[in-house]
Each structure stands twice: as C-alpha cells, then as structure tokens.
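Asker: Below is the sequence, then the predicted model.
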Amino acid sequence: MVEIVVWKPGIPWPEYKVRKEDIMVMFKSLMRDSTQGATQAVTQADMNFVEKSIPMRILKVIGNNPTLSQSQIAEMLGEKHDTIKYHMRKMRLSGIIKREGTSQNGKWMIV
C-alpha cells in the first residue's frame with residue numbers, strides 16, 4: 001500500500017541521509033510550547049511505531065514475566081540476543097529498568 005503525503009506550510013520537511021547501503025529519513029518533532037495552551041501533535045501512526053519499538057516490546061515482556069533472562073526475552077520477541085542485550089543495557093543506563101538479585105535468580109524491575 002502506498003500512501004501519498006501532501007506537505008503543508010508550517011510542517012518541517014524530513015531530512016534524508018544517504019549512506020552506502022541505506023537511507024535514513026528523520027522527521028522533525030511537531031511539538032508546540034505547552035505554556036501557550038497548544039497540544040503535542042502525535043498521530044496514531046507515531047503511537048503504533050512507539051508501541052512496536054524493541055524497547056517497548058521488552059518492557060511489555062518484563063511486565064508480564066520479570067524473571068526471564070535476556071536470551072528468553074530475545075526468543076519471545078524473535079530478536080537476536082545481542083539486540084536485546086543492547087537495548088536493555090541502554091534502558092538500564094537510562095534508569096528505565098534495573099536488575100534485582102542475581103543473574104540466575106533475579107528479576108527485572110521497571111523503575
């Protein structure tokens with residue numbers, strides 16, 4: 001399915017970065033200053049993307065079963081162990097999650 005998007009004045013153009021084997025498209029935020037009573041412009045597509053992101057999927061799994069290992073989480077999500085390890089490390093360093101107990105008998109905590 002192809003969706004045609006029409007640019008409107010006031011909406012920033014996406015930025016494109018072309019590398020050897022890929023193209024990255026970056027969209028500017030549509031947030032407005034909340035002190036002026038305006039609301040944040042978030043589309044349903046944005047929310048679907050966030051919900052399907054690897055960190056959000058990890059948080060859902062941890063919420064349902066905090067005793068799982070990173071390998072078990074990777075298997076459940078159909079991702080590589082290194083991918084899960086990377087995202088969980090970033091979440092630990094950001095203070096989103098923490099490990100309580102040992103690596104064998106511990107559990108993940110959502111902070």
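Answerer: Great, that's in hand.
Asker: hey, let's count contacts and neighbours off CA atoms from now on
Answerer: OK.
Asker: Can you list the residue ranges for helices in the chain?
Answerer: All helices of the chain, identified by DSSP state H, fall at 44-52, 54-64, 70-77, 81-93.
Asker: Which of those helices sits closest to residue 104?
Answerer: Set against residue 104 and scored by Cα to Cα, the helices of the chain come closest in helix 70-77, at 11.1 Å.
Asker: ok, back up a step: I'd like the helices of the chain laid out as TSV, including mean neighbour count.
Answerer: Formatted as TSV, those follow (neighbours: other Cα atoms under 10 Å):
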stretch	mean neighbour count
helix 44-52	11
helix 54-64	16
helix 70-77	16
helix 81-93	15
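Asker: so which of the ones you listed gets nearest residue 109?
Answerer: Smallest distance to residue 109 across these (Cα to Cα): 7.7 Å, for helix 54-64.
Asker: for the record, mean pLDDT for that closest one?
Answerer: Taken as a whole, helix 54-64 has a mean pLDDT of 90.
Asker: Same question for stretch 77-92.
Answerer: For stretch 77-92, mean pLDDT is 92.
Asker: Kindly report the same for stretch 104-111.
Answerer: The average pLDDT for stretch 104-111 rounds to 88.
Asker: Verify the stated contact: residue 109 with residue 65.
Answerer: No: counting by Cα atoms under 8 Å, residue 65 is not a contact partner of residue 109; they are 10.2 Å apart.
Asker: Show me which of these two is the more surrounded one.
Answerer: The neighbour count for residue 109 versus residue 65, taken as other Cα atoms under 10 Å, is higher for residue 109 (16 against 13).
Asker: Quick one: residues contacting the more buried one.
Answerer: 62, 66, 97, 98, 99, 100 (Cα atoms under 8 Å, 6 or more residues apart in numbering).
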